[in-house]
Every structure is written in structure tokens, then in C-alpha cells.
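Colleague: sequence unknown, structure follows:
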């Protein structure tokens with residue numbers, strides 16, 4: 001068979017641009033509460049450079065040679081001071097893409113978790129009952145994005161030039177308020193999608 005056709009037939013489709021995105025994996029960590037499952041959240045340490053003080057799910061950047069699932073387990077263990085066997089993966093969840101970011105969420109049950117965490121990365125942890133997200137709709141806000149061009153952008157090669165009608169870009173940003181904790185951004189988007197999946201029949 002022609003080499004070109006062979007490559008086309010054996011290619012596994014992906015998403016154009018994903019290889020250039022910042023790739024990370026997170027864990028929707030379930031802990032058994034007294035009455036129901038609860039989702040564990042972290043408040044990021046104010047000592048770290050990336051998003052200090054934000055509320056997030058356990059997780060982080062995918063390292064070279066590592067699968068997203070391996071990342072979710074490794075980062076959860078590092079941040080919550082757990083052993084890998086304590087992070088029981090239930091299954092993968094929907095992939096989140098926005099801008100130059102791609103996040104691979106995994107749902108896991110934490111076994112024998114004693115509320116430990118690494119103070120180098122996490123300032124505190126808290127849990128939210130799953131039922132809260134099933135009964136609470138998040139606030140939604142639209143963030144518009146406008147293209148910004150460098151002086152060397154070749155407008156002369158585009159029909160319409162500087163008057164070209166660029167497609168309007170908007171991103172929905174969600175907010176949950178649970179007591180004193182504001183859960184927003186990517187974390188809220190992932191949790192909202194997760195709760196919507198649980199509502200399906």
C-alpha cells in the first residue's frame with residue numbers, strides 16, 4: 001500500500017492544537033462522609049507562584065512519559081500525602097479544554113484518608129457534599145475576548161484587512177459559593193459538568 005494512504009488509514013484522530021496546550025490532570029476526590037460522599041477541595045498555598053490562594057482539585061502538570069491517569073494519582077498523593085493504593089480510580093471524566101489549557105479529570109475514591117496535606121502546596125482542605133452541587137446552580141458570567149495584534153500582523157494578506165470581521169469569542173466562568181469558600185473557574189466548570197452527569201437518568 002502507498003505509504004501516504006497507510007499513514008492516513010492508521011492515524012488515530014485527535015484534536016488539532018492539543019499538543020501545544022498546557023496539559024494537566026486533576027482528581028475529583030471522593031471521600032465517604034457520615035451521610036454521603038463528599039468532594040475534597042484544596043486551597044492552594046500562598047507561597048506557590050501559580051494561582052496562590054485559589055481553590056482547586058488535587059492535580060497538576062502531566063510530565064513527559066506520564067499518562068493523565070498517572071499524573072492524577074501522583075499529584076493527589078504528593079498534595080494529600082497519600083500512598084498510591086489509597087487513590088482508587090473509579091474512572092475518567094470529561095476532558096476540559098479552554099484557550100491553551102487541557103485538563104484530564106479522573107474520579108477517585110480516597111481510602112483511609114486522615115485529612116493530611118502538604119503545607120508546601122496546600123494551605124487547607126475542605127469537603128463539600130455531592131448533594132450540594134446537585135441542588136445548587138452556579139452563578140455564570142460571560143468573559144469576552146478580543147484579539148490583540150502585533151505591529152507586524154499581515155492585514156494586507158486578508159480580505160477586509162483591519163476591518164475583517166473576527167468571530168466573537170466568549171468564555172463562560174462559573175462560581176459556587178460554599179460557606180466562605182469561592183469555587184470558580186476551571187474547577188467550577190469541571191464540578192458542574194460532573195454534577196450534571198450525576199443528574200442524568
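Modeller: Nice, thanks for sending it over. Here the structure is a predicted model, which is why all the values come from computation and not from measurement.
Colleague: is it fair to say residue 162 lies in a strand?
Modeller: No - looking at residue 162 with DSSP: H, G, I helix; E, B strand; the rest coil, it is helix, so not inside a strand.
Colleague: Quick check: it vs residue 122, distance?
Modeller: In this view, residue 162 and residue 122 are 48 Å apart by CB to CB, to the nearest Å. Backbone N, C-alpha and C define where each C-beta goes, glycine included.
Colleague: quick one: which of these two has more around it?
Modeller: residue 122 (21 against 9; other CB atoms under 10 Å).
Colleague: Spatially nearest residue to residue 21 (excluding sequence neighbours)?
Modeller: Leaving out its chain neighbours, the residue that sits closest to residue 21 by CB to CB, 6 or more residues apart in numbering is residue 102, at 4.3 Å.
Colleague: tell me, how many neighbours does the one you found end up with?
Modeller: Counted with other CB under 10 Å, residues neighbouring residue 102 total 21.
Colleague: just residue 39 next, same as before
Modeller: Neighbour tally, residue 39, other CB under 10 Å: 21.
Colleague: ok, which stretches of the protein are helices?
Modeller: Ranges of helices in the chain, per DSSP state H, are 3-9, 68-80, 130-135, 185-199.
Colleague: ranking the ones you listed by burial, who's on top?
Modeller: Sort the helices of the chain by mean neighbour count, taking mean count of other CB atoms under 10 Å, and helix 68-80 sits at the top with a mean of 22.
Colleague: which secondary structure elements does that helix contact?
Modeller: strand 22-32, strand 59-61, strand 87-92, strand 101-110, strand 122-129 (3 or more CB pairs under 8 Å, 6 or more residues apart in numbering; DSSP states H and E).
Colleague: switch to 10 Å and redo it
Modeller: The contact analysis (3 or more CB pairs under 10 Å, 6 or more residues apart in numbering; DSSP states H and E) places helix 68-80 against strand 22-32, strand 37-44, strand 59-61, strand 87-92, strand 101-110, strand 122-129.
Colleague: For this structure, which element, helix or strand, carries the lowest mean pLDDT?
Modeller: Across the helices and strands of the chain, mean confidence by mean pLDDT, DSSP states H and E is lowest for strand 96-98: a mean of 87.
Colleague: which residues are contacting that one?
Modeller: Identification of contacts with strand 96-98 by CB atoms under 10 Å, 6 or more residues apart in numbering yields 15, 17-18, 21, 24, 26, 102-105, 171-173, 185-187, 189-190, 193.
Colleague: Mind telling me which of the helices of the chain the model trusts least?
Modeller: The weakest mean pLDDT among these belongs to helix 3-9, with a mean of 91.
Colleague: hang on, the earlier thing: want to throw the helices of the chain into TSV with distance to residue 115?
Modeller: As requested, the helices of the chain are arranged in TSV below (distance: least, CB to CB, whole Å):
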stretch	distance to residue 115
helix 3-9	52
helix 68-80	9
helix 130-135	18
helix 185-199	20
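Colleague: Many thanks, I have nothing further to ask.
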